[in-house]
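J.: Let me see the structure of the following:
(one chain, ligands or ions: 2)
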Amino acid sequence: MRVGLTGGIASGKSTVSAILAELGAVVIDADKLAREVVEQGTPGLAAVMEAFGEELLTADGDLDRPAMGALVFSDTEKRRTLEAIIHPLVFERIVELEESAPPDAVVVHDIPLLAESGRADTFDEVIVVDAPPETQVERMLRDRGWTREDAESRIASQASREDRLVIATYVVDNTGSLEELRRRVEEIYAGLTDAARAS
Ligand SMILES: CC(C)(COP(=O)(O)OP(=O)(O)OC[C@H]1O[C@@H](n2cnc3c(N)ncnc32)[C@H](O)[C@@H]1O)[C@@H](O)C(=O)NCCC(=O)NCCS
Ligand SMILES: Nc1ncnc2c1ncn2[C@@H]1O[C@H](COP(=O)(O)OP(=O)(O)OP(=O)(O)O)[C@@H](O)[C@H]1O
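T.: Ligands and ions are numbered 1, 2, ... in the order given. Okay, here's the model as predicted:
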């Protein structure tokens, strides 16, 4: 069974995917793949350098992610240029990883931009982790040392909360405690495994 997992930045997706992995799901993490495809020595990094210039490399030769973030989250055209390089490479890796998963696995795709991608209906189920923007901002300020402006510009680069909720077959309200979150995820996973067995 193929399950999409999405949510706005800092909504709690990684926390949910870690619980699902613990429960037995195979998790494919698009953010992680988006980092791997631009590691040093990759064609992805070469393509990014060609489009954006070598000043976006750190002294060690890695992609300077904070500098790239500052650039693309304040300029939509630059963000689209970066996405046009990275997204096809991520998609290729997703297909490869999916092919190597056991046939009866619950495969969870953690994809921050699932609502934006227009591919939600290619999944059997879609879990949306939901939290209000103010909670997202609070978590980003607390954890990442970003300014409120940094946090708000990322939220503004993403689909609205409403646009994400319309693709959901399961909604995880993540405004409560971590214990409540775990209970809700366990309940959803039980439903997924039942459905996978029945199919
Ligand atoms: C601009 C980059 C280098 C900044 O890196 P940084 O380490 O600061 O952030 P990281 O990659 O860990 O992403 C954190 C979160 O930012 C949000 N985000 C990332 N890219 C995008 C985007 N293109 N549009 C909207 N939100 C985004 C997501 O919620 C993501 O979970 C990086 O985000 C990137 O390469 N983005 C383009 C690739 C992409 O779209 N990734 C998202 C899933 S495939
Ligand atoms: N219910 C909760 N109560 C308190 N803190 C939470 C809750 N859910 C998640 N968090 C915390 O909020 C932060 C963001 O959560 P997480 O990293 O899971 O979000 P994310 O959606 O994966 O973020 P990103 O989009 O950046 O990948 C983490 O520090 C996490 O521990």
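J.: Any idea which residue is closest to the centre of this protein?
T.: residue 112 (2.7 Å; C-alpha atoms, centre = their mean).
J.: Would you check that that one makes contact with residue 4?
T.: No: between residue 112 and residue 4 there is no contact under C-beta atoms under 8 Å: 10.9 Å. Glycine gets a C-beta too; all of them are placed from N, C-alpha and C.
J.: follow-up on the earlier one: contacts only, for the residue nearest to the centre of the chain.
T.: 6, 7, 8, 9, 13, 30, 31, 158 (C-beta atoms under 8 Å, 6 or more residues apart in numbering).
J.: I'd guess it is in a helix, am I close?
T.: No: Residue 112 is assigned coil when assessed by DSSP: H, G, I helix; E, B strand; the rest coil, not a helix.
J.: tell me which element residue 27 is part of?
T.: Counting by DSSP states H and E, the element that carries residue 27 is strand 26-29.
J.: and that strand, what does it pack onto?
T.: Here strand 26-29 touches helix 13-23, helix 76-99, strand 107-110, going by 3 or more C-beta pairs under 8 Å, 6 or more residues apart in numbering; DSSP states H and E.
J.: gap between that strand and the chain center?
T.: Centre-to-centre, strand 26-29 and its host chain are 11 Å apart (C-alpha atoms, centre = their mean, to the nearest Å).
J.: again with stretch 113-133
T.: Put simply, stretch 113-133 sits 10 Å off its chain's centre (C-alpha atoms, centre = their mean).
J.: do the same with stretch 33-47
T.: The answer for stretch 33-47 is 17 Å, by C-alpha atoms, centre = their mean.
J.: How many neighbouring residues does residue 17 have?
T.: When neighbours are defined as other C-beta atoms under 10 Å, residue 17 has 21 of them.
J.: Quick check: it touching residue 4?
T.: No: applying C-beta under 8 Å as the test, residue 17 and residue 4 come out as separate, 11.3 Å apart.
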